[in-house]
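Asker: with the input below, show me the fold.
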Amino acid sequence: MSSYEFQVIILAVDNTSAKLGPIDENLPHVMLPVANRPILSYQLEMLERSGFKSVLIVTQDYAQNRIAAYVNQVYKDQNQGKLEVEFFVLKDQNQIGTCEILYRIREKIRTNFMVITGNLIADEGFIRQMADLHRGNDSSLTMMLYPKKVATTEVKETTDSTYVDYIVLDEKTNRILQMEPATDIEDAVLVSKQMLRHFPNIVVNNNLQDAQFYVFSRWVIDLIIEEQKTKNIPITSIKKQLIPLLLQCQIPGHGKKLPATSVNRTQDLALSMSTSATPFNPSYHINQNTQDTIKCLTYLTNGYSININTIQNYTQANRDVASGQTSYKPYEAPGKNNYIDVKAQVAPTSVGADCVIGTESILGPKCSVKKSIIGKHCKFGQSVRIENAIIMDYVTIEDHCGISGSIIGNNVYIKTKSVKDSQIASGFTVSKGNALITHLLSSILTYFPTQLKSTDLKSKQISNQLD
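Answerer: Here you go, the predicted model:
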């Protein structure tokens with residue numbers, strides 16, 4: 001596969017539906033660290049491994065400086081600048097839809113193209129096979145699915161159905177015919193008679209997940225342009241509107257006028273010019289007034305893949321990288337069963353398996369770290385106990401504190417003796433006696449992030465309570 005056959009677009013835009021507040025509130029989502037590496041670093045490495053030479057990153061204005069600084073400095077220093085990275089910056093104050101983004105960059109898309117959302121970490125082995133499937137079958141859309149991941153014992157299961165889809169597949173052809181979010185289903189998945197007439201061998205799955213890695217044919221951009229011009233309310237979302245529209249266009253009699261570029265007539269045209277062209281051969285329909293249909297295919301990957309759109313998935317991804325469940329590795333120096341940066345000071349400290357300790361972090365005497373990620377420039381007092389936790393950069397923890405099952409944001413100061421099953425936003429000070437208050441605050445921010453922002457609550461409002 002030549003990288004020039006497909007353009008790659010990373011949608012490095014914050015998604016308001018991702019339930020990761022408050023931990024990603026003060027940084028772009030793609031810069032959220034997984035095992036001390038930004039999510040974006042895994043996507044760039046995936047593309048490098050697959051042989052791509054360039055990528056277009058779409059980002060918001062407020063996030064550009066931070067993302068560009070990483071790409072231009074840290075990323076290129078680490079990887080010798082193997083990818084040519086171009087940025088397209090959205091100046092909008094409000095979030096815009098993913099289809100609207102494709103419309104904005106339409107003049108930059110010249111070939112078939114791949115779209116990657118900023119949530120995905122996936123091993124690269126699928127890309128070549130997926131591209132071959134798309135190209136070899138003249139598919140208009142090919143989307144990657146992966147089996148629903150079972151959480152490890154350290155990660156709590158959730159029953160949230162926000163990211164569960166009911167996916168209707170044709171067993172014989174790998175076509176995807178319908179995709180309905182579980183939140184939209186009341187009693188049952190409704191399938192049209194027209195679909196059953198043309199695709200009698202269907203199966204409905206709710207144990208497969210949409211990886212949000214899509215391969216589109218170039219003509220889809222023409223469709224988006226026409227929709228923008230002709231509709232009072234144009235399509236704005238790839239998943240909620242564009243994909244259902246394309247799936248519908250597979251069924252004869254769909255009633256949608258497709259762009260002229262949607263059908264590959266190269267082979268048909270050659271046949272139509274032969275003397276054997278009759279009503280009984282495949283080329284005859286070229287001169288007939290019939291309606292075109294398209295193909296939408298799925299690629300089911302068995303390799304590692306996870307979408308970091310929930311706290312559970314974020315925690316799981318950190319565990320997976322630290323424990324070697326994926327081919328990607330932390331940047332820190334590898335030990336026997338953990339990763340400790342050469343500039344970290346961890347003596348005499350017990351660091352167990354599946355841990356990552358970032359550069360210039362200082363862990364005091366008698367500290368214990370088990371199955372946890374410790375960021376850069378952290379400072380722990382003596383007898384600090386960390387278990388099943390993710391601690392980001394520049395975190396200070398005082399003596400004899402125990403932290404378990406929690407995610408601690410950047411620049412947090414912890415003075416209390418215990419933090420359990422909490423998510424602490426960046427910049428807060430957790431004082432003695434108010435761990436419960438902080439836990440309740442993090443829960444509120446997690447489930448109602450748009451109503452209550454951590455930036456609206458100054459850290460001193462927390463640190464001065466019960467101190």
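
Asker: quickly list the domain ranges of this protein.
Answerer: Domains of the chain are assigned by automatic domain parsing as 3-253+266-311, 338-463.

Asker: state the mean pLDDT of the shortest one.
Answerer: Regarding domain 338-463, the rounded mean pLDDT is 81.

Asker: kindly report the same for stretch 96-105.
Answerer: Per-residue scores along stretch 96-105 average to 94.

Asker: contact partners of it?
Answerer: With CB atoms under 8 Å, 6 or more residues apart in numbering as the contact definition, stretch 96-105 has outside contacts at 9, 11, 13, 56, 58, 88, 90, 109, 115, 117, 221, 224-225, 228, 234-239, 241-242. From N, CA and C alone the C-beta is placed, and that goes for glycine too.

Asker: from the residues you listed, which ones fall inside helices?
Answerer: I221, I224, I225, Q228 (DSSP state H).

Asker: distance to A347 and pLDDT added to these, as TSV?
Answerer: TSV is the format used below for those (distance: CB to CB, whole Å; pLDDT from 0 to 100):
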residue	distance to A347	pLDDT
I221	57	96
I224	58	94
I225	62	93
Q228	61	85
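
Asker: what's the burial count for the spatially closest residue to S217 that is not a sequence neighbour?
Answerer: Nearest residue to S217 in three dimensions, chain neighbours excluded: S140, at 4.9 Å (CB to CB, 6 or more residues apart in numbering). S140 has 27 neighbouring residues, counting by other CB atoms under 10 Å.

Asker: for T293, same thing?
Answerer: So T293, with other CB under 10 Å, has 17 neighbours.

Asker: what sits against it?
Answerer: By CB under 8 Å, 6+ apart, the neighbours of T293 are C249, Q250, I251, P252, H254.

Asker: the residue nearest to S217 and T293, how far apart?
Answerer: As judged by CB to CB, to the nearest Å, S140 and T293 stand 10 Å apart.

Asker: who touches both of those two?
Answerer: C249.

Asker: where does pLDDT dip in the stretch 151-300 of the chain?
Answerer: For the stretch 151-300 of the chain, residues meeting the criterion pLDDT under 70 lie at 151-162, 263-291.

Asker: now the helices for it?
Answerer: 193-198, 219-230, 243-248, 266-272 (DSSP state H, counting those that start in this stretch).

Asker: do the same with the stretch 1-150 of the chain
Answerer: 39-49, 61-69, 76-79, 98-104, 126-136.

Asker: so which of the ones you listed gets nearest E186?
Answerer: helix 98-104 (26.3 Å; CB to CB).

Asker: quick one: buried residues of the closest one?
Answerer: T98, C99, E100, I101, L102, Y103 (16 or more other CB atoms under 10 Å).

Asker: what of stretch 190-199?
Answerer: M195, F199.

Asker: how about the contacts of T293 in JSON lines, adding neighbour count and distance to T310?
Answerer: Formatted as JSON lines, those follow (neighbours: other CB atoms under 10 Å; distance: CB to CB, whole Å):
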{"residue": "C249", "neighbour count": "23", "distance to T310": "32"}
{"residue": "Q250", "neighbour count": "22", "distance to T310": "31"}
{"residue": "I251", "neighbour count": "18", "distance to T310": "33"}
{"residue": "P252", "neighbour count": "12", "distance to T310": "39"}
{"residue": "H254", "neighbour count": "17", "distance to T310": "34"}
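
Asker: ok, of those residues, which one's closest to P147?
Answerer: Once CB to CB is applied, the member of these that ends up nearest P147 is Q250, at 24.0 Å.

Asker: next one: the closest one from Q178, what distance?
Answerer: 10 Å.

Asker: just the strands in the stretch 251-400 of the chain please.
Answerer: 296-300, 305-307, 339-340, 350-351, 356-357, 362-363, 368-370, 373-374, 379-380, 385-387, 390-391, 396-397 (DSSP state E, counting those that start in this stretch).

Asker: thinking again about what came up before, now the buried members of the ones in helices among the contacts of stretch 96-105.
Answerer: So, by 16+ other CB under 10 Å, the buried ones in those are I221, I224.

Asker: which of the ones in helices among the contacts of stretch 96-105 lies closest to V168?
Answerer: Closest to V168, out of all of the ones in helices among the contacts of stretch 96-105 and judged by CB to CB, is I224, at 23.9 Å.

Asker: surely the closest one and R106 touch.
Answerer: Yes - contact criterion CB atoms under 8 Å: I224 and R106 qualify, at 7.2 Å.

Asker: overlap in contacts of those two?
Answerer: Joint contacts of I224 and R106 (CB under 8 Å, 6+ apart) do not exist.

Asker: ok, for D210, nearest residue in space, not its chain neighbours?
Answerer: D165 (5.8 Å).

Asker: would you map the strands across the stretch 101-250 of the chain?
Answerer: Counting by DSSP E, counting those that start in this stretch, the strands of the stretch 101-250 of the chain are 112-117, 120-122, 141-147, 165-170, 175-181, 202-205, 208-216.

Asker: can you list those strands in a markdown table and add mean neighbour count and distance to Y304?
Answerer: Putting these into a markdown table (neighbours: other CB atoms under 10 Å; distance: least, CB to CB, whole Å) gives the following:
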| stretch | mean neighbour count | distance to Y304 |
| --- | --- | --- |
| strand 112-117 | 22 | 15 |
| strand 120-122 | 23 | 6 |
| strand 141-147 | 22 | 9 |
| strand 165-170 | 20 | 20 |
| strand 175-181 | 21 | 22 |
| strand 202-205 | 14 | 20 |
| strand 208-216 | 23 | 11 |
